[in-house]
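Chemist: What follows is a predicted structure for the sequence shown.
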Amino acid sequence: MSHRIVSVSVRDVRFPTSLEQHGSDAMHTDPDYSAAYVVLHTACGLRGFGLTFTLGKGTEIVVLAVEALADLVVGKSLQDIVKDFRGFYRLLTSDGQMRWLGPEKGVIQLATAAVLNAVWDLWARAEGKPLWKLLVDMAPALHDCSIKTHLYSNIYYLSELFFFLSLLPEDRMMKEGYPAYTTSCAWLGYSDQQLKQLCTDALKSGWTKFKVKVGANLDDDIHRCRLIRQTIGPNNTLMIDANQRWDVAEAISWVTSLSEFKPLWIEEPTSPDDILGHAAISKALAPLGIGVATGEQCANRVMFKQFLQASALQFVQIDSCRLGSVNENLAVLLMAHKFQVPVCPHAGGVGLCELVQHLILFDYICVSASLSNRMCEYVDHLHEHFTSPVVIQNAHYMPPKDPGYSCEMLESSVQRHQYPEGDTWKLLMNK
Ligand SMILES: C[C@H](O)[C@@H](O)[C@@H](O)[C@H](O)C(=O)O
Ligand SMILES: [Mg+2]
């Protein structure tokens, strides 16, 4: 069957999460978790679903960017795309006029991710497999999907690495799942009472690794980290996340002041583009046993290449929507493996957990073959809007079984939350 793409639809779907301060951090104080939600329609009726994660008003710009890319997709058949997937990636990212907007960063890259996520979903559905399984079954052939440009020369030939892929049996993942940590107990806007209650509940459900937002006020951070450390005890894992709030020297002194709470990592301590700044922070914090994690705003593989080359991060946080979909994430997984730096994906938002679980399963089964110092982020928000929501058991992601990339939303949810015409928004605007 040809699976020719006959149309692309994209919708602006927003959830008013800022009302209860879900998702709040030192830089994003009123986040409404949102998605530019893409559906590819094929001549034979099969559909592919994709999205990119955004916040509130930003969504309308990403939607326009997806519409601008749609012409490059309509008329193509899935078979032709996957036969030369690398070429298709380059077609989307190298349009002579739209490339000026990035290249491969910002709004246009988020839009590329939404479209390509939908293509991968379509492919997995056409094969009748969950995406992670499609990737595992074709591991050596993935060479043709990954992005090689700008990775060559001083690092290695990406192609070489594909010959050294491991292939662990899937049984362990099917039985135990992939280890996760939770961020949704400790958003910056939550009260002490909320923090304590959510951590206590999470401990009862088997969570052992917790991330706390910091960066707005040092006294408040000391107070909140103390409260959480006391609640979770000395042996559970704590991470802290500043969402780019500091400059380099400030980051070092602030985190040093929080070192008594024994965080495993400081996430996004400074500008996400400041690679050498991250290297300086990494060096200064290493004696304290605190690593640097970053990636949720790392725009592309070339940035990751330099972070790795400069020893500027100790935890790679890939993102299923910030990078150019599976294609670019594959390149980053392989580079992280080459540098022996653990990958701990960024998730949460709306749909990011659903998407990235596929990539980290592939990483474990085919690339890293290790769980050492590795875990995938989880937040407990908005899963009820998906047709195949993530399954968490005892703080582990259980491998998805349904065909596709798990980001199809319930049509009723999309309609209710579409901005501005959905009922949720009409009600809020009339208040
Ligand atoms: C605005 C968002 O909630 C961010 O705070 C969030 O993605 C965060 O950085 C995270 O690591 O989960
Ligand atoms: Mg973060």
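Modeler: That came in fine, so what should we check first? Residues are numbered from 1 along each chain as shown. Ligands and ions are numbered 1, 2, ... in the order given.
Chemist: Could you report the neighbour count for the residue of the stretch 251-400 of the chain found nearest ligand 1?
Modeler: Nearest residue of the stretch 251-400 of the chain to ligand 1: G348, at 4.2 Å (Cβ to the nearest ligand atom). The C-beta positions use only the backbone N, C-alpha and C, and glycine is treated the same way. As a burial measure, G348 scores 23 neighbours (other Cβ atoms under 10 Å).
Chemist: Find the nearest non-adjacent residue to it, please.
Modeler: Leaving aside its sequence neighbours, G348 sits nearest to V379 (Cβ to Cβ, 6 or more residues apart in numbering; 3.7 Å).
Chemist: Hmm, G351 and that neighbour touching each other?
Modeler: No: the pair V379 / G351 is not scored as a contact, 11.2 Å apart, by Cβ atoms under 8 Å.
Chemist: Give the residues shared as contacts by the two.
Modeler: The overlap between the contact sets of V379 and G351 (Cβ atoms under 8 Å, 6 or more residues apart in numbering) is empty.
Chemist: Look at A141 and report its pLDDT.
Modeler: On pLDDT, A141 comes in at 83.
Chemist: Neighbours of it, how many?
Modeler: Around A141 there are 12 residues (other Cβ under 10 Å).
Chemist: Identify the residues contacting it.
Modeler: Counting by Cβ under 8 Å, 6+ apart, A141 has no contacts.
Chemist: how about it, secondary structure?
Modeler: At A141 the chain is in helix, as set by DSSP: H, G, I helix; E, B strand; the rest coil.
Chemist: quick one: it from C366, how far?
Modeler: A141 sits 12 Å away from C366, going by Cβ to Cβ, to the nearest Å.
Chemist: Now for those two: what residues contact both?
Modeler: Counting by Cβ under 8 Å, 6+ apart, A141 and C366 have no common neighbour.
Chemist: Now do the contacts for the nearest residue to V214 once chain neighbours are set aside.
Modeler: Spatial nearest neighbour of V214, excluding adjacent residues (Cβ to Cβ, 6+ apart): D221 at 4.3 Å. Counting by Cβ under 8 Å, 6+ apart, D221 touches 214-215, 240, 254, 258.
Chemist: Output these in a markdown table; the columns should cover distance to ligand 1, pLDDT and neighbour count.
Modeler: Formatted as a markdown table, those follow (distance: Cβ to the nearest ligand atom, whole Å; pLDDT from 0 to 100; neighbours: other Cβ atoms under 10 Å):
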| residue | distance to ligand 1 | pLDDT | neighbour count |
| --- | --- | --- | --- |
| V214 | 11 | 98 | 30 |
| G215 | 10 | 98 | 26 |
| I240 | 10 | 98 | 27 |
| W254 | 17 | 98 | 19 |
| L258 | 17 | 98 | 23 |
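Chemist: between the residues you listed, which is closest to V391?
Modeler: Lowest distance from V391 to the contacts of D221 (Cβ to Cβ) belongs to I240, with 28.1 Å.
Chemist: what does the helix or strand hosting the closest one contact?
Modeler: Per DSSP states H and E: I240 is located in strand 237-241. Applying Cβ under 8 Å, 6+ apart, the external contacts of strand 237-241 come out as 25, 181, 183, 208-215, 221, 225, 228-229, 232, 255, 258, 261-268, 293.
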